[in-house]
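Q: here is the input, now give the coordinates:
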Amino acid sequence: MATVSAYQTAAGERRYRVRFRTPDRRQTDKRGFRTKREAQAFAATVEVSKMRGEYVAPTLGK
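A: Numbers count the residues shown, from 1 in each chain. Predicted coordinates:
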């Protein structure tokens, strides 16, 4: 299950971070979402792709 949390940038802007576990059980995160809705949508996408066995790490997908 992914977790969405807010943080503040050095410029004072509010951004959101998604923390989740990869299929090999390592914790990782992706941050920089401008809205909570965007972060939640990404979290849902990650969870669905893990269940289907289609997960590709964001850093490897570039």
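Q: list the contacts for residue 26?
A: Applying CB atoms under 8 Å, 6 or more residues apart in numbering to residue 26 gives no contacts. All C-beta spots, glycine's among them, are computed from the backbone N, C-alpha and C.
Q: now do the contacts for the nearest residue to residue 20 once chain neighbours are set aside.
A: Residue nearest to residue 20 in three dimensions, not counting chain neighbours: residue 2, with 3.9 Å by CB to CB, 6 or more residues apart in numbering. For residue 2, the contact set (CB under 8 Å, 6+ apart) comprises 18-20, 43-44, 46-47.
Q: which helices and strands does the strand or helix carrying residue 41 pack with?
A: Per DSSP states H and E: residue 41 is located in helix 36-52. Secondary-structure packing of helix 36-52 (3 or more CB pairs under 8 Å, 6 or more residues apart in numbering; DSSP states H and E): strand 3-8, strand 14-21, strand 27-33.
Q: please identify the deepest-packed of those strands.
A: strand 14-21 (a mean of 17; mean count of other CB atoms under 10 Å).
Q: which pLDDT value belongs to the spatially most central residue of the chain?
A: Note on the chain: the residue nearest the mean C-alpha position is residue 18, at 3.4 Å, using CA atoms, centre = their mean. Residue 18 is assigned a predicted lDDT (pLDDT) of 98.
Q: and the furthest pair within the contacts of residue 2?
A: The largest separation in these, counting by CB to CB, is between 19 and 44 at 14.1 Å.
Q: would TSV of the contacts of residue 2 with distance to residue 31 be doable?
A: Shown next, in TSV, are these (distance: CB to CB, whole Å):
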residue	distance to residue 31
18	7
19	9
20	12
43	12
44	17
46	13
47	17
